[in-house]
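In: Sharing a sequence plus its predicted fold:
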Amino acid sequence: MYPSRQFARLILITVLLGTMFGLVGQNGTLAATYAQSTNDNQGVSAASSITFTNPTALQVTVAAGDDFATNVLGNAWDMDVARDIAYEIGFNNINTTNGIWSGTFSGIDQASGAVSNGYLFPLFQGFSTPIGGQLSQELAFSPIGAQDQFAINTAKYTRLSYRMAVNSRTAASQLAVYWTAAKPVTWPDGTNRFIKFDACQGTTKFLPWSGWHVYNFDMTQPNGEPAARAGSWQSGALVRGLRIDPAANGAAGTQVNLDWIRLSDPTSAPTIAIPWSVTDVGTKDRVTIYEADNPTGTNGAPIAYGLQASAGLYNLPTSILPPGQHYFQLQLQDGDSENGCAITEAKSEWIGPLTIAAKPVITFARPSLTSGADYATTELGQPWDMTASDDVVTPAPPYPQYLTDTSFSDGIFSARSVIIPPQIESDAQIWLHVDANRPINTSRYRYFTVRLKVDLPAGKDINWAVAYGWGARVIWWNTGIQADGSETKYGTYDEGWHTYTIDLAQAFPPLPLTNLAQANNILTPREQNAFPAQLGWTQLGTVKNLRFDPLETMQQAVGTGADRFSIDWVTLTANNEVKQGQAFPIEVGVSVEPSTLKAITYYYTTDRQQPTQHLVVASSQGQVPTQPAGPNKVYLPQLNTTSISPSTLPNPVPVVGNPHSSSWDTATVTPGSYYICSAADTGVSVSTYCSETPVVVLP
C-alpha cells in the first residue's frame, strides 16, 4: 500500500542479519586451535565398573516443571508441528515427522542474499520498522515476544534445555544462544548471548558430538564465553526473542534434528540426586550421563558430561525434561587419555523409568476472542463466512483492482494480489459488507479475527515470504480515510491455515515514536504515514466501512504462489455477555487424557493474577454443549501458577470428558466484567489458567 514501509522492513532485516552474522563469524574462529578428531575407541575396559548407587531414585513419577512454552504460550515446543519453531532463517527442506523437527542449512538468508548459518527462534520477537532514526514496533498478529503477555519472565524461567542432533561437526563448529529484551523490538544483536564449543574438549583433541545430545544451560551463567557476554537474563527486563544457532559456521547441507525445547523454572520441579559407585577409577576420570526414552537406550543422548568421577554424584533438575518416560545410563571415561573424552572404560545398565507427568493445559473456547456476539451475524444476519460473494463488497472498476483470479468455493474466498505500476507492492484489499443503516458499534465489537491461508513456494522459506509481502493490516472509516479513517500497523503471517486476531480497541491516536507507549498502539505512527486521520476505534463510536488488506506482495513474489491467499471466514466479535441470573456456558479444552484428571474447578475474577477470587456456582440448568457453534479457533490463555493443593480445592467439578463444559449460575454475581479461571487437578499437580477475554454480567 505504501512502498516505503515494505522497503524499510526489508532494509531493517538485511542490516540486522548482517550484524549478527559478523558476530557469529568472529567467534567461530576460536575453535580453530583444536584439531578435529573422531571418538574411535568406544570399547569398555573389563577392569573398571560404574553403577547407580540408588537406582530407585530414577524410578519415580514427578510432575513436569513449569515450562515457558507450555505455561505462557499454551503450546509446548514438542515439535509436533513445524511452527513449534516460530521463525527460522537459513534453512530449507523443513518438515516435522513423529515429533522431530528437521531442516537443512541452505547457506544463505533468502531475504537478503547474505551468507547465513541456519538459526532458529523458539520465541520470535516480531518486527519493527525504522522510521527517521526511530523504530515502530509492528503489529502483533499472533502470539510473539513483542507482546508483554508472551515475553519471558527471566526471574522465573532460567533453564534452557533441548534435545538436538547435528549431522556434521567440525573443529570450527560451535553452538550459540542469543536473546533480546528491546522494546520496540529489535533482533538479537550479540549483546546478550553465549557461544560455546559443541564438543568434548580434550588436551590435544577436539571431539565433536555426533548423534543426539540433550543441551542444558543455566541462562544466568556465561555458558562458554568466560564473562565476555554473560547477558542480562535476570536484569528484570522481559526477554522478547530467543534464538538458537545449532552450528555456527556450519556448512550448507548441514542437517539439524530437534526433538524438543524447554525453558523451565528449576525450582518448580524436584531435583533428583544421582549417586554412583565406581571401581578402578583414575583421578582424572570423568562420568557422562545418558538419557533415552526407552529402556534399551536407543538414540540415547548425553545429558551431563565431564563430571568428576570421584565426586560420585550429580543433581538432575527434572524441570529440564519434557513429559514422558526417561531412562538413564552412566558411562565412565578415561581421563588420562583425553580428560574424559576418548575412551569409555565402563557403562552401567539402563535404569528407569523416571516418569515426568504432564501438567494439564486448558484452552478456553468460551469465553474467548471469537465466542462473543459477531457483528455480521448478529446485526446483519449474514456472517462473513465467505459462502456468498456479497460478503465482500470491494468497489468495482474504475476503482483500482488489486485482486485477480478471485473465487468463492466451499465457503472459501481465494484471490491473487496484483501490483499496479508505478507502485512497487500490491495494495490488495477487501471491503467487508457493513450496513450503513446498522453501522458497527465500536464500544461493543472489537476483536477482528480472520482465518487465512498462504503457501510457501518450493525452495523458499518464511523469511523470504515475509520480506516480500506476507502480512496484512485493517483499515476503517466513515466519511473517508483522510477525514476520519484509521489503519493498523503491518502484521505478518505463517504458512498454511492460521487464525489471526487484532483487538481493535487497542487503537488510539498515535503518539510520537519517542513515547514507548506507541509500541503498544496498533495504529501506524504519523511519522510513517500521515494520510489516515488515525482517530482510533472506540473513539469513533460507529464505523460504516471496514477494509482488510490481506497481502502487500512485492515483485519478487509475483507468480510464485506466495502472492495468493485464501480466507475461510472473518469475524468482528464482542466480549461474551450474560444477563444476571441467567446461566453462562463455560467451555474449555484440556490437554491431558480425561482418565488422568481428578477434577476441574472453575472461578471468576476481576484480576487474572488472582484467579481464585470467587468460586463458580454450577447452574441447575445443567451442562451445555461441549463445542461452540461455528469455525472458532481458540487463542492461547494467560497462565497463572497457583499453590492450590488438590485436597483444598472447594467442591471440584467431576471431569466428564475432554473437552469439558460447565454452566455458571450468575444469580448472585454482581454485574461487571469477570475472567473465568479453571484449576485442573491430576492428583500429581494442579494447573490454573484464566480466559483471555472477560464475561460481562449485565444487570
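Out: Alright, I've got the coordinates. Note that the coordinates shown come from a computational prediction; the quantities given were computed from them, not determined experimentally.
In: Could you find the closest non-adjacent residue to residue 414?
Out: Nearest residue to residue 414, sequence neighbours excluded (CB to CB, 6 or more residues apart in numbering): residue 566, at 4.3 Å. In short, each C-beta sits where N, CA and C put it, glycine included.
In: which residues of this protein score low on pLDDT?
Out: 1-46, 169-173, 201-206, 226-231, 337-342, 620-657 (pLDDT under 70).
In: Give me the residue at the spatial middle of it.
Out: Ranked by distance to the mean C-alpha position of the chain (CA atoms, centre = their mean), the top residue is residue 123 at 5.0 Å.
In: Excluding chain neighbours, what is closest to it?
Out: Spatial nearest neighbour of residue 123, excluding adjacent residues (CB to CB, 6+ apart): residue 242 at 4.4 Å.
In: List the contacts of the residue nearest to the centre of the chain.
Out: Listed by CB atoms under 8 Å, 6 or more residues apart in numbering, the contact partners of residue 123 are 68-69, 73, 86, 144-145, 150, 152, 239-242.
In: Residue 237 now?
Out: The neighbours of residue 237, taking CB under 8 Å, 6+ apart as the test, are 154, 181.
In: So it: helix, strand or coil?
Out: Following DSSP: H, G, I helix; E, B strand; the rest coil, the label given to residue 237 is coil.
In: again with residue 535
Out: Looking at residue 535 with three-state DSSP, the answer is coil.
In: if we can go back for a sec, beta-bridge partners for the residue nearest to residue 123, please?
Out: Beta-bridge partners recorded for residue 242 (DSSP bridges): residue 123, residue 179.
In: What is the burial count for it?
Out: Using other CB atoms under 10 Å, residue 242 is surrounded by 26 other residues.
In: Also residue 131?
Out: Counted with other CB under 10 Å, residue 131 comes out at 18.
In: how many neighbours does the nearest residue to residue 241 once chain neighbours are set aside have?
Out: Among residues not flanking residue 241 along the chain, residue 125 sits closest, at 3.0 Å (CB to CB, 6+ apart). Neighbour count of residue 125, defined by other CB under 10 Å: 30.
In: Wait, residue 125 touches residue 146, no?
Out: Yes: the pair residue 125 / residue 146 is scored as a contact, 5.9 Å apart, by CB atoms under 8 Å.
In: Need the overlap of contacts for these two.
Out: With contacts defined as CB under 8 Å, 6+ apart, the residues adjacent to both residue 125 and residue 146 are 185, 240.
In: now the strands: where do they sit in the stretch 501-650 of the chain?
Out: For the stretch 501-650 of the chain, strands defined by DSSP state E, counting those that start in this stretch occupy the ranges 542-543, 545-549, 564-573, 576-579, 583-590, 599-605, 614-615, 638-639.
In: correction: the stretch 1-150 of the chain
Out: Counting by DSSP E, counting those that start in this stretch, the stretch 1-150 of the chain has strands at residues 49-52, 61-63, 87-89, 91-97, 100-105, 119-123, 128-131, 134-137.
In: what's the domain layout of the chain?
Out: With domains defined by automatic domain parsing, the chain comprises 40-65+269-360, 70-262, 375-574, 577-698.
In: so of these, which one's packed in deepest?
Out: Across the domains of the chain, averaging neighbours per residue (mean count of other CB atoms under 10 Å) puts domain 70-262 on top, at a mean of 20.
In: now do the same end-to-end measure for that one.
Out: One end of domain 70-262 to the other measures 9 Å (CA to CA, to the nearest Å).
In: from the chain's centre, how far out does that domain sit?
Out: A distance of 12 Å separates the centroid of the chain from that of domain 70-262, by CA atoms, centre = their mean, to the nearest Å.
In: Also stretch 568-585?
Out: Computed by CA atoms, centre = their mean, the chain-centroid distance of stretch 568-585 equals 27 Å.
In: and if you look at stretch 296-312?
Out: How far stretch 296-312 lies from its chain's middle: 31 Å, per CA atoms, centre = their mean.
In: Name the residues that touch it?
Out: Residues from elsewhere that reach stretch 296-312 (CB under 8 Å, 6+ apart): 50, 53, 163, 165, 200, 209, 211-214, 216, 275-278, 281-283, 285-293, 314, 316, 327-329, 332, 335, 339-340, 350.
In: can you tell me which of those residues are in strands?
Out: In this view, the contacts of stretch 296-312 that belong to strands under DSSP state E are 50, 163, 165, 200, 212-214, 216, 275-278, 286-292, 314, 316, 327-329, 332.
In: quick one on the thing from earlier: let me know which of the strands of the stretch 501-650 of the chain is the nearest to residue 447.
Out: strand 564-573 (4.7 Å; CB to CB).
In: and the closest one, what does it pack onto?
Out: Under the contact definition 3 or more CB pairs under 8 Å, 6 or more residues apart in numbering; DSSP states H and E, strand 564-573 sits against helix 375, strand 412-417, strand 447-454.
In: Now the element after the longest one, going C-ward?
Out: Under the assignment DSSP states H and E, the closest C-terminal helix or strand after strand 447-454 is helix 462-467.
In: Next, the distance between the ends of stretch 486-497.
Out: End-to-end distance of stretch 486-497 (CA to CA): 27 Å.
In: Now do that stretch: distance to the chain's middle.
Out: 16 Å.
In: Ok, stretch 552-570 next?
Out: Distance of stretch 552-570 from the chain centroid (CA atoms, centre = their mean) equals 24 Å.
In: try stretch 677-690
Out: Centre-to-centre, stretch 677-690 and its host chain are 22 Å apart (CA atoms, centre = their mean).
In: mind checking which of the strands of the stretch 501-650 of the chain is nearest residue 320?
Out: Nearest of those to residue 320, taken as CB to CB: strand 638-639 at 19.2 Å.
In: the helices in the protein, which residues?
Out: In the chain, the segments counted as helices under DSSP state H are 3-28, 68, 335-338, 375, 462-467, 481-484.
In: Can you lay out the domains of the chain as TSV showing distance to residue 368?
Out: Listed next are those as TSV, based on distance: least, CB to CB, whole Å:
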stretch	distance to residue 368
domain 40-65+269-360	18
domain 70-262	12
domain 375-574	9
domain 577-698	5
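In: Please verify my assumption that residue 613 contacts residue 605.
Out: Yes: taking contacts as CB under 8 Å, residue 613 lies within contact range of residue 605: 3.7 Å.
In: thought residue 159 was touching residue 261?
Out: No: counting by CB under 8 Å, residue 159 stays clear of residue 261, with 11.4 Å between them.
In: So what does residue 125 look like in phi/psi?
Out: Here the main-chain torsion angles of residue 125 (degrees, to the nearest 10) amount to phi -80, psi -20.
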